[in-house]
Structure formats: structure tokens, C-alpha cells
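K.L.:
model the following, please.
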Amino acid sequence: MILLSATGAGAATPAFQIGVNYREWLSFPESGMQLATDSSGAAYFLTSTLQSNVVLSTVTKLAPDGKTLLWQNHLGFGVSAMTVDPNGGVYVSPMRQQSDITGYVAKLSTTGTGLAWTTSLGFLPQGPPAMAADSQGRVYLAAQYVVNFITPSAYVVRLNASGSAIDFTTSILGAPISIALDPSGAAYIAGSAESTEGVLTSFLARVASDGTAGYYTVFPAGIETVAVDANGNVTVFGQSSGISGVVQRIDSSGAATLETTVPGTAVAFSLDAAGNAYVAAASNQLYPVKNSLATCLFDPATTLTRYSELLNVIAPDGSILQATYIPGEDNLGSPLLAVTPSGTVLLAAIAGPGFTPTQAGPFPAGTTGSMFLSNLSSPASNSPAPTYSLACGGNSAGLAIGSISPGELVTLFGNGLGPQQGVQAYVAPPNLYPTRMANCR
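P.N.:
Take a look at the predicted model:
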């Protein structure tokens, strides 16, 4: 006999549900790729190749419908960071060369050929910078400039829209990892730092639009990304003990007011204009889904459980709006994630055996292990997406996904598996668990 414990989200909630607009192949290697988007939904890919021991980077712009390659700019040099402003301006920071005495920021030409301008930062970054650009075309860059294992220091720089001058340069402590901007022009920088006792910590710093330093909050180690919504609300994201992701909402003083934990190894994060947080995570265990667009994958022919990639959408109040397996993504990898202000989600991930494209894009067809692009959004812009009644099932004790044996206690995750209000079964020997409860069998 199989003992079943049914759990999940109950009936699918229609209030919030993203679905797939299209899926198509990409021809880019996963390693080193960066993904960005603008307010129109166009996708920008930064890719790099090694030629004769020299790194050369290319930026590719893809139309919002995924069908048209708008341009490819072969830069002729290596790029360590890229950012795109809401209007589609593209900015890059070249990799450091041995002869460099300063770092640079370059704006790409809008035609997709060459550069519009190149500007010196006035200092030489000691690692990859964090970059952001506002709707006016002003570029913000934060990077470490002093190698000091006790108290690393960094500069936050803003360049004007023409690239002709530096508006301000502000010093902060720590090694920046991420930067985000609010509507007023203030910058928020997240990164890592070490305390005087040598304990690794994270920080969140605010720099006002005039370059003056604001709050500086120290967190436990793990903060990796900062994002700001259209109303200026700040959210940070990071790992918790390497087995889950944590989304924290930040108040005007820099303190965390709300925390949401996402199971699994979280690998990517973004925020839409309304403040909804999008987290991509990987897991080889059962996952509590809500309006899932796909099922988990288990191959009974092997002894190893495959990792499944998931997308979680978290409201500003911390509630889970949607938790779905990513269709076609059933190989271990690190998906890239970008979200437009309107909530269109771009996901670049590694295709598994179950990947099926819904349209032909401008790139050649790939195979299992190749990169693909998914474009997802709310039902307002796509047909209602199917949700799977049974998304996954497996052992109740360890939540491992695998074959089911007679007499095993099993947990099922899915949509509409039972009544909105759970029903408890009371069993006393010698009676067995019932096979029918609350009109469910």
C-alpha cells in the first residue's frame, strides 16, 4: 500500500500568474554571459570568446518578440560588466589591461557599430565593477580600488549623460557586488566587507543624487544583489547557508523590515516596477509550487536525481504569488534573469531533454545542454498558461524526488490537489489511512 500526503496550493489562484510568451534557442555559451533588458522588453546579451589568448566581447540586441536580431556589436576588447538604461542605451566597462592606469566606461553606438564615447573613471578598479544607468543616461559605477583584506575600500562614481565629465566620486567601505538606482537618482550599493575581527559580512550603502553618503548597514554575509522598484522601495537578495535564498525589504533607514526565504539554491534575482521580486532557484528535492508551468524531472533510469530550476514570484508583503518549475529547464545550471518594469520576465537557461521551443528565433537550433531564452509575462499579454495538477511527488521524509515504493509515505506538490482548507485524517490501528477524503481520491 502507498500512503499519500497531499499538499500544495489548492485551487489555482487567478489573481497573479505569469505564462510563457515564447521559448527559443540561443547560440551563446553559458560561461560569462550577461543578460539585460530595457523598458520595451528588448534583450541584450553580453558574450565573450577567447581568441589567440585575448578575450573579445560582443553585445547582441534582440527584439522584444524574440524573432529579430536588431544588431551585434563586436567590440574588439573584453568587457567585465554591462548595463542598459530604460531607453536602450548600452554601457560597458572594459576589462583591465596591464598598461591601464585608470578604468573606463564606454557607451555603445545606437546603431550597433562602434562606440559613442569612452570616459576615464579616474581610478583603476581592482575587480569587476557594479554598474547601473538611469533614464537620463547617467552611468553609476561602484568598484573596489584598494586591495586591503581587512578594510576594503571602493569608489562610487557617476558620469554625466554625454560621458564628458564625472558628476561625483564618493568613497565607501567594502567590495561592491551590485548597484541599483531609485527615481530620485540615489544609488544603493550592496557588497561584501570584513569587520575588524576578520568576520566576513555584507553591507548596503546609500549614496544620494548629489554624491553625499547616506546610511551604511551591515548584514550577515550573503547579500549579493540590490534592486529598487518604481516607488523607490529597496530590496536585497542573498544566500542563506547555501541552501536557500533570502529576500529582504529595506526601510528608509537601511534596516530590513521583512524577510522571505525561498527553498533551494537561489541563483538569480530581479524586481519589477510594482516591487514584486523574482527569484530563480535550483533544487533536487520536492518543491511547493503554486500555478506551476511545468513538472519536475526525475529519470528512473539513473540513480541520480536531476536538478530542477524554479522561478518564484514574491509580493512586497512577502507572500508567494507564483512558484513554478521553469519549462524546459531540467539541467543543473545558473539561469540568467532580467525583468522589465512592466513585469515581462526574460530567462536564459540551459535546456534539458524536455525542452521544446515554441518559435524559431534568429539563432540556430540547439540540443540538450544548449542555452535557450524564455519570455514570460502575465495573461494580459499571453494566452492563459496551463498549470499542472500534479507537478511533483516523492518521499515525505527527505523530500527526495525518485521512484515510489509500496508502503512509502509520499508527498505530492501541485495545483488543486485538494480542498482549499486542509482535512486531517485520523487513523488508529488496525485501520489503514483512507483512500478518499473531501471528495479527493
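K.L.:
sec struct for S162, please.
P.N.:
Following DSSP: H, G, I helix; E, B strand; the rest coil, we place S162 in the coil state.
K.L.:
from what I see, it and W117 are in contact.
P.N.:
Yes. Counting by Cβ atoms under 8 Å, W117 is a contact partner of S162 at 7.1 Å. (C-beta placed from N, C-alpha, C; glycine too.)
K.L.:
what bits of the protein have low per-residue confidence?
P.N.:
Applying pLDDT under 70 to the chain picks out residues 1-15, 30, 147-150, 195-198, 241-242, 297-306, 330-333, 379-388.
K.L.:
neighbours of P263, how many?
P.N.:
Using other Cβ atoms under 10 Å, P263 has 18 other residues around it.
K.L.:
pull the contacting residues for it.
P.N.:
Neighbouring residues of P263 by Cβ atoms under 8 Å, 6 or more residues apart in numbering: 243-244, 281, 283, 285, 287-288.
K.L.:
could you check how far the closest residue to S308 other than its chain neighbours is from L310?
P.N.:
Excluding its sequence neighbours, the residue lying closest to S308 (Cβ to Cβ, 6 or more residues apart in numbering) is C296, at 4.5 Å. Per Cβ to Cβ, to the nearest Å, C296 is found 9 Å from L310.
K.L.:
same deal with A282?
P.N.:
Taken as Cβ to Cβ, the span from A282 to L310 is 7 Å.
K.L.:
now do the shared contacts for those two.
P.N.:
G264.
K.L.:
just give the closest residue to T68, not the sequence neighbours.
P.N.:
Of all residues apart from its sequence neighbours, P362 sits closest to T68 (Cβ to Cβ, 6+ apart), at 6.6 Å.
K.L.:
try T411
P.N.:
Nearest non-adjacent residue to T411, counting by Cβ to Cβ, 6+ apart: S396, 4.4 Å away.
K.L.:
surely the residue nearest to S308 and A400 touch.
P.N.:
No. In this structure, C296 is not within contact of A400 by Cβ under 8 Å, at 11.2 Å.
K.L.:
show me which of the two is the more surrounded one.
P.N.:
Each of C296 and A400 has its neighbours counted (other Cβ under 10 Å); C296 has more, 26 against 13.
K.L.:
for L373, see how far away that one is.
P.N.:
Distance, C296 to L373, using Cβ to Cβ: 22 Å.
K.L.:
same deal with A193?
P.N.:
36 Å.
K.L.:
before we move on, what about Q97?
P.N.:
32 Å.
K.L.:
the two - which one has more neighbours?
P.N.:
More neighbours surround L373 than the other of Q97 and L373, with 23 against 9 (other Cβ under 10 Å).
K.L.:
wait, what's in contact with that one?
P.N.:
23-26, 43, 62, 66, 346-348, 361.
K.L.:
can we see that at 7 Å?
P.N.:
By Cβ atoms under 7 Å, 6 or more residues apart in numbering, the residues touching L373 are 24, 26, 43, 66, 346, 348.
K.L.:
who's in contact with the second one?
P.N.:
When contacts are counted by Cβ under 7 Å, 6+ apart, L26 is found next to 348, 363, 371-373.
K.L.:
among those, which are in strands?
P.N.:
Of these, the ones assigned to strands by DSSP state E are 348, 371-373.
K.L.:
adding distance to D317, write those out as CSV.
P.N.:
Listed next are the ones in strands among the contacts of L26 as CSV, based on distance: Cβ to Cβ, whole Å:
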residue, distance to D317
A348, 29
M371, 35
F372, 33
L373, 31
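K.L.:
and P29, how many neighbours?
P.N.:
Applying other Cβ under 10 Å, we find 12 other residues in the vicinity of P29.
K.L.:
same check on I320?
P.N.:
17.
K.L.:
how close does it sit to P288?
P.N.:
8 Å.
K.L.:
ditto for S99
P.N.:
To P288, S99 is 54 Å away according to Cβ to Cβ.
K.L.:
tell me which of those two has more neighbours.
P.N.:
Per other Cβ under 10 Å, whichever of S99 and P288 has more neighbours is P288, with 17 against 5.
K.L.:
okay, now the nearest residue to that one once chain neighbours are set aside: neighbour count?
P.N.:
The spatially closest residue to P288, leaving aside those adjacent along the chain, is F413, at 5.5 Å (Cβ to Cβ, 6+ apart). When counting by other Cβ under 10 Å, one arrives at 26 neighbours for F413.
K.L.:
which SS class is F413?
P.N.:
Per three-state DSSP, F413 ends up strand.
K.L.:
was I right about it contacting Q285?
P.N.:
No. Judged on Cβ atoms under 7 Å, F413 makes no contact with Q285 at a distance of 10.3 Å.
K.L.:
returning to what we had before: just read off the phi/psi values of the residue nearest to T411.
P.N.:
S396 adopts backbone torsions of phi -80, psi -30, taken as degrees, to the nearest 10.
K.L.:
how close does it get to L412?
P.N.:
10 Å.
K.L.:
repeat that for I223.
P.N.:
35 Å.
K.L.:
quick one: which of those two has more around it?
P.N.:
Higher neighbour count among I223 and L412: I223, with 25 against 19, using other Cβ under 10 Å.
K.L.:
quickly list what the more buried one is bridged to.
P.N.:
Beta-bridge partners recorded for I223 (DSSP bridges): G238.
K.L.:
just T217 next, same as before
P.N.:
L204.
K.L.:
got the contact list for it?
P.N.:
Contact partners of T217, counting by Cβ under 7 Å, 6+ apart, are 203-204, 254-255.
K.L.:
reformat the residues you listed as TSV; add neighbour count and distance to I314.
P.N.:
TSV is the format used below for the contacts of T217 (neighbours: other Cβ atoms under 10 Å; distance: Cβ to Cβ, whole Å):
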residue	neighbour count	distance to I314
F203	21	23
L204	24	19
G254	18	21
A255	13	19
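K.L.:
for V313, helix, strand, or coil?
P.N.:
Per three-state DSSP, V313 ends up strand.
K.L.:
contact partners for it?
P.N.:
16, 18, 276, 278, 321-322.
K.L.:
which of those residues sit farthest apart?
P.N.:
Greatest spatial distance among these (Cβ to Cβ): F16 and Y278, at 11.9 Å.
K.L.:
quick one: which of the two has more around it?
P.N.:
Y278 (26 against 17).
K.L.:
so that one touches L347, yeah?
P.N.:
No. Y278 lies out of contact with L347 (Cβ under 7 Å); the separation is 9.2 Å.
K.L.:
how far away from the center of its chain is stretch 262-274?
P.N.:
Distance of stretch 262-274 from its chain centroid, counting by Cα atoms, centre = their mean, to the nearest Å, is 5 Å.
K.L.:
tell me the contacts of the spatially closest residue to T83 that is not a sequence neighbour?
P.N.:
Residue nearest to T83 in three dimensions, not counting chain neighbours: M131, with 4.1 Å by Cβ to Cβ, 6+ apart. Contact analysis of M131 by Cβ under 7 Å, 6+ apart lists 81, 83, 91, 93, 139-141, 179.
K.L.:
right, I'll call it a day here.
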